[in-house]
Structures are given as structure tokens and as C-alpha cells.
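S.K.: Got a predicted model here, sequence first, then my questions.
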Amino acid sequence: MKSMVDKVQAVLDTAGVAVGDRLLVAVSGGVDSMVLLDVLDRLRGDMDFQLHLAHLDHALRRESPADREFVAAQARRRGLPCASERRDVAAAAGGRSLEEAGRLVRYAFLDEVAQAVGASHIALGHHADDQAETVLMRLLRGSGATGLGAMDSVRGGRYLRPLLEVWRGEIETYARARKLSYREDASNRDRRFLRNRVRGELLPVLRQYNANISAVLNRTARLLKDEDALLAELAQEALTAVVCERCSDKIVLDSKGLVDYHIAVQRRVVRAVLGGLSTAEGPFDFVVVERILHYIATGDGRLRELGAGIRGQGGGNRYILRRGHRPEIACSLALPGVVVLPGHGAEVHCEIAPAAHFDYIRGELGGAVAAFDADRLGKQVCLRSPRPGDRIQPLGMSGHKKLSDLFTDCKWPRILRDEVLVLACGAEIAWVAPLRSSHAFRVDAATVRMAVCRLRPAHREA
């Protein structure tokens, strides 16, 4: 059986901790963090890395200043640098629980210290009992396989939990054998916190049914994590296959292709897409994901508000997800010339060419490319967003058509109508990009010069 020191070293090796690296170790002063500090301090000579302590006072307990001084004294005794700070977690909570607020504040603090001291890794004191409690807490919250996989011993190559396969009893035995001093945190017995209720109330009940429930929960987490990794690979392959178009505020899915995948893969693809569009609001819950999959499977074509500023709409074999709205625009375009529209992630290019070259570009025309009689357009046109009452004489027609009717005829989704651009010459519309060009400005036998206009993705999003 591996010793605790061997287990910790194995995690450091897996994380790629190298000679000369600096590890930031989070030290609360409790037995878990003091044991972790001691083990790392023993290993740093053999592995030749550097240690830096970090202690955060959450300002939740009267005795917390004494904890802070205790950690500082331990750092001095070991000859190690220590960063310590007091932050008011209760004030930062807002609508969050104190547990969640504390976690966010703590990680922000650790990231700041790591950056300041040049630490490549951050070591945390979570152990196997914490893992079992985390699995139960996430189960109570309705987490899927990803959440129930719980904590990683190495996350993102940066956060390390070297004690994750070590039990609390082993940690306490080690502390006694090494005669380590540590602080007792009274808040660990405060039943206001969910983790403490799980530890003190739920787990004892579950042990009546299975005395090894904590070990079972840890094993379940490992199994689910392995299966989650496989599903993540399959979902990434599916994501690559079904994403037809992607930019910063829009993702278009091949809905027919998506529904051919197993439902578990479909859920992950949709969750990943939503997360990419609104990282600040994620992760999106089961209900939202299922609703979107229902819309896709049933061919729903209505514009839907999905939450977090995201809308969705199906059309044909596509399902479009958009965040926010494109800004209205009104600007001039010189002929020839280029206009960049950052808010639309697009740019319009116009070049002048002899009418004799029309046959060379005929195959490109339609959609995002249009050709006009340059002399009828003049030297400058207006490029703008559509307006109520706008009308165009579509190419090949004698009468005019409202843009609203044009959108309907072209089956242009409502969710994309703020992406449409109008190129106007005075009161007359020459082009509704990327849908139709105007008959009034067509290239015909009398045309001497033609203006070739192209609507393209802006270079930064190409």
C-alpha cells in the first residue's frame, strides 16, 4: 500500500511538477492543510520545487485572526514565504450561499497570489472524505455524470488535490505521528452549511445501510469520471460535425445531424454550445437543454427565448442559437470601397469592374455577392439596417415588395433579421444583403461599369 507521501508525490508527478517550479499551497491551519503542507515540505528537497503558503481569512469567525497568525508562524518556522489576506465573504455573498461565496472568493484569492508569486500550481487539501461528501451534495442538487464525477486530483493542469485518495483518519494519524500542530475550525460543525449537514447527518444514516458508503461514493465518482471523459470525447466529435456556423454571438447547428446521435451526446453538445454563448450564466440546467432538444427534434420554427440573453429558432435542417442583438447601423460606402461593421462581425467590399467581366463573376452572384450598374449607383451609397416600410423591386420583377414579405418568401428566420443589411441609393434600395438585389440597378446591355459588392465575415471572425 502506498504511503501518504508516495500518494502525494504521484499526484505531483502526474501534474508535471518540475525542478524549480513554485507551488502555492492553500493553508487554512486545519489538520488537512497542515498535513498537506508537511508532506510537501518533506518532498520539496527531493523534487527540488519551491513552496509558498497562502492563507485567506474569510472574516466569518471571531477566532479567524488567530488562525491567520498561526499559519504565519508555521510559515516562519519552516522558512517559507506566506501570503495572507482578510476578505469579507459575507459582504461578497450577494444572493449566494456563504459556502458558494467563500469558494469563489477563495479561488480568486489563490489565483491572484499564484500570479503574483509566479506559482505554476496551486495545491489544495481536499481528501477522500471530502470527495464522498461532494458526490452526495451534487446528487442532492441533481447533477449529471460530470458533476457526480466530483473533484479531480489534477484539474486544468494547475489545481492539485494531492490528498484526494487519502482518508481523514489517515490524515489525523499522520498528524499525530508527526506531532503536527493545527487549528480546529468551529464552523466545520455549523449545521447551517450543507456540507456539514451531509457529513454529520446524512452520511451516518447511509452508513447504517452500507458501512463503506464513503468508499463506494469515491469509487462511483471515479467510474463516472472515466465514463464522463469518454462521453466528452464523443460529444466533441459530434460538436465538430454538427456546427455549421460559429461566431462570437451565434452558433448554427445541423439539427438533422444532431438528432442522429445518442441522446446523451446530444445533451452535451447543446450544453457546450450554450456555455460557449453565455459562459457567465452557465452551466445551463437540464430543463433548458431538454427544451432545446425538443424544439430541434420536432422541427419547431418559432423564435424562442431560452434565458441568459440567448434565443433559439429552427428553420429547415438548421437550429440557430443567438446571444443578444446586432446593433442598428447607418453609414456611407464609397464605390469602390470597404466598410467594416464590428458589431455585425461583417464587412462589405465594393469594387468597380468593366461590364464585360460580368460573365466571369456570374457564378458567384446571389446571396452574399451582388453586381450592379455602377453609374446608376453613383459614387457613394448608404449601408444601413432595415427600416419599417422598406420596399425593394426584386431582380426580375416589375413591382416592389415589402422587406417583411421578402423575409417571409425567403423563409429568412426572425432570429437573423437584425443581421440583414440594406444598401440604398437615395430612397431606392439596391440590395438586401444577403437576400436579393434590385431590378432597378441590374447589370444589363447598357451597363458600362459594374459595381461588385461582397458581404463577408469580418477578418477578426473569419
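M.R.: Arrived safely, thanks for sending.
S.K.: I'd like the next helix or strand past the helix or strand harbouring A72.
M.R.: With secondary structure defined by DSSP states H and E, A72 is part of helix 64-78. Under the assignment DSSP H and E, the closest C-terminal helix or strand after helix 64-78 is strand 82-86.
S.K.: Tell me the strands beside that next one, with direction?
M.R.: As defined by DSSP bridges, the strand partners of strand 82-86 come to strand 50-57 (parallel).
S.K.: Okay, angle between the strand it pairs with and helix 64-78 too, please.
M.R.: 170 degrees (axes from the mean of the first three to the mean of the last three Cα atoms, to 10 degrees).
S.K.: In PDB, please show the C-alpha coordinates belonging to strand 50-57.
M.R.: The C-alpha trace of strand 50-57 is given here as PDB (Å, rounded to 0.1, in the frame of the first residue of the first chain):
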ATOM      1  CA  GLN A  50       9.600  25.800  -4.100                       C
ATOM      2  CA  LEU A  51       6.700  26.300  -1.700                       C
ATOM      3  CA  HIS A  52       4.700  29.400  -1.000                       C
ATOM      4  CA  LEU A  53       1.900  29.500   1.500                       C
ATOM      5  CA  ALA A  54      -1.500  31.200   1.000                       C
ATOM      6  CA  HIS A  55      -4.000  31.900   3.800                       C
ATOM      7  CA  LEU A  56      -7.300  33.600   3.400                       C
ATOM      8  CA  ASP A  57      -9.300  34.900   6.400                       C
END
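S.K.: got the contact list for that strand?
M.R.: Applying Cβ atoms under 8 Å, 6 or more residues apart in numbering, the contact partners of strand 50-57 are 20-29, 37, 40-41, 44, 64-65, 67-68, 71-72, 74-75, 80-87, 105-106, 109-110, 113-114, 117, 119, 122. (Each C-beta comes from the backbone N, C-alpha and C, glycine too.)
S.K.: Just the buried ones from those, in ChimeraX syntax?
M.R.: In ChimeraX syntax, the buried subset of the contacts of strand 50-57 is picked out as below (16 or more other Cβ atoms under 10 Å):
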select :21,22,23,24,25,26,27,28,29,37,40,44,64,67,68,71,72,74,75,80,82,83,84,105,106,109,110,113,114,119,122
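S.K.: can you tell me which residues contact the closest residue to R197 other than its chain neighbours?
M.R.: Among residues not flanking R197 along the chain, R191 sits closest, at 5.4 Å (Cβ to Cβ, 6 or more residues apart in numbering). Contact analysis of R191 by Cβ under 8 Å, 6+ apart lists R197, G200, E201.
S.K.: Among the residues you listed, name the ones in strands.
M.R.: The members of those all map outside strands under DSSP state E.
S.K.: Just the strands from the stretch 351-462 of the chain, written as ranges.
M.R.: For the stretch 351-462 of the chain, the strands defined by DSSP state E, counting those that start in this stretch cover 369-373, 380-384, 391-392, 401-402, 421-425, 428-433, 436-437, 449-457.
S.K.: before we move on, the earlier item: possible to save the contacts of R191 as a markdown table with distance to A177, neighbour count and pLDDT?
M.R.: Formatted as a markdown table, these follow (distance: Cβ to Cβ, whole Å; neighbours: other Cβ atoms under 10 Å; pLDDT from 0 to 100):
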| residue | distance to A177 | neighbour count | pLDDT |
| --- | --- | --- | --- |
| R197 | 31 | 16 | 94 |
| G200 | 27 | 13 | 93 |
| E201 | 31 | 10 | 95 |
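S.K.: how about the residues you listed in a markdown table, adding distance to R322?
M.R.: Compiled in a markdown table, these are given as follows (distance: Cβ to Cβ, whole Å):
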| residue | distance to R322 |
| --- | --- |
| R197 | 42 |
| G200 | 47 |
| E201 | 46 |
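S.K.: now, which of those sits nearest F286?
M.R.: Taking Cβ to Cβ as the measure, F286 lies nearest R197 of the contacts of R191, at 24.1 Å.
S.K.: about what we covered before: quick check: of the contacts of R191, which lies closest to C453?
M.R.: Set against C453, the nearest of the contacts of R191 by Cβ to Cβ is R197 (65.6 Å).
S.K.: For the closest one, give its distance to N212.
M.R.: According to Cβ to Cβ, to the nearest Å, R197 and N212 sit 21 Å apart.
S.K.: repeat for A145
M.R.: Counting by Cβ to Cβ, the gap from A145 to N212 is 22 Å.
S.K.: Please say which of these two ends up with more neighbours.
M.R.: Higher neighbour count among A145 and N212: A145, with 16 against 10, using other Cβ atoms under 10 Å.
S.K.: Need phi/psi at that one.
M.R.: Main-chain dihedrals, A145, degrees, to the nearest 10: phi -60, psi -40.
S.K.: Quick check: it vs G156, distance?
M.R.: 19 Å.
S.K.: same deal with S33?
M.R.: According to Cβ to Cβ, S33 stands 21 Å off from G156.
S.K.: Looking at the two, which is more packed in?
M.R.: For the pair S33 and G156, the greater number of neighbours falls to S33 (25 against 8), based on other Cβ under 10 Å.
S.K.: The more buried one: what's it in contact with?
M.R.: V25, A26, V27, G125, Y182.
S.K.: I figured V252 hits L258, correct?
M.R.: No: between V252 and L258 there is no contact under Cβ atoms under 8 Å: 11.2 Å.
S.K.: For Q313, which three-state class applies?
M.R.: Counting by DSSP: H, G, I helix; E, B strand; the rest coil, the backbone at Q313 sits in strand.
S.K.: Can you give me the separation between the closest residue in space to it that isn't next to it in sequence and R302?
M.R.: Using Cβ to Cβ, 6+ apart and skipping the chain neighbours, the partner closest in space to Q313 is I415 (4.1 Å). Per Cβ to Cβ, I415 is found 10 Å from R302.
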